[in-house]
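**Q** need a structure here:
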Amino acid sequence: MDAKVDNWVVTPRRGKAVEINGLGTTPSACSRNGLRAEKKDAAADTYAAARNAGQTSFNNRFWFAEGNYLYDVVDGESGE
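**A** Numbering: from 1, shown residues only. A predicted model of the protein is given here:
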C-alpha cells in the first residue's frame, strides 16, 4: 500500500502493513457473534479462542509499548 505518483514511490512500505494485518481477527469475531446469536455457544467458543489468539499475536507484533503506538509496518527490508 505504497503511495505512488506515476512510478515514484512516495511512502515505501515494504513488509507487513498494520491495517492489513489488523483485519485478520475480524472474520473470527463476526463468526463468534453470529454463532452466539444462534445460541451455538460451543462453536462460538472456538471462534472466540481463534480471535483472542489472533489479537494477542497482532498486539505482540505491532504494539510498541515504550512509544504507546502501533508500528505502521513490520518485517520490512531492514528486518524491523
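**Q** helix or strand right after the helix or strand containing Ala42?
**A** Element membership for Ala42, per DSSP states H and E: helix 41-62. For helix 41-62, the following helix or strand on the C-terminal side (DSSP H and E) is strand 63-64.
**Q** burial measure for Arg51, as a count.
**A** 20 (other Cβ atoms under 10 Å). (Glycine included, C-beta is placed from N, CA and C.)
**Q** what's Ser31 in contact with, if anything?
**A** For Ser31, the contacting residues are Ala44, Tyr47, by Cβ atoms under 8 Å, 6 or more residues apart in numbering.
**Q** quick one: low-confidence parts of the chain?
**A** Applying pLDDT under 70 to the chain picks out residues 1-2, 78-80.
**Q** do that again at 80, thanks
**A** Applying pLDDT under 80 to the chain flags residues 1-4, 9-13, 76-80.
**Q** most centrally placed residue in it?
**A** Gly22 (2.1 Å; Cα atoms, centre = their mean).
**Q** contacting residues for that one?
**A** Phe58, Phe62.
**Q** can you classify Lys4 by secondary structure?
**A** strand (DSSP: H, G, I helix; E, B strand; the rest coil).
**Q** quick thing: my sequence starts at 47, can you match it?
**A** Happy to do that; since the first residue is 47 now, the last one works out to Lys50.
**Q** thought Val56 was touching it, still the case?
**A** Yes - in this structure Lys50 lies within contact range of Val56 using Cβ atoms under 8 Å: 6.5 Å.
**Q** quick one: which of those two has more around it?
**A** Higher neighbour count among Lys50 and Val56: Lys50, with 11 against 8, using other Cβ under 10 Å.
**Q** what sits against that one?
**A** By Cβ under 8 Å, 6+ apart, the neighbours of Lys50 are Val56.
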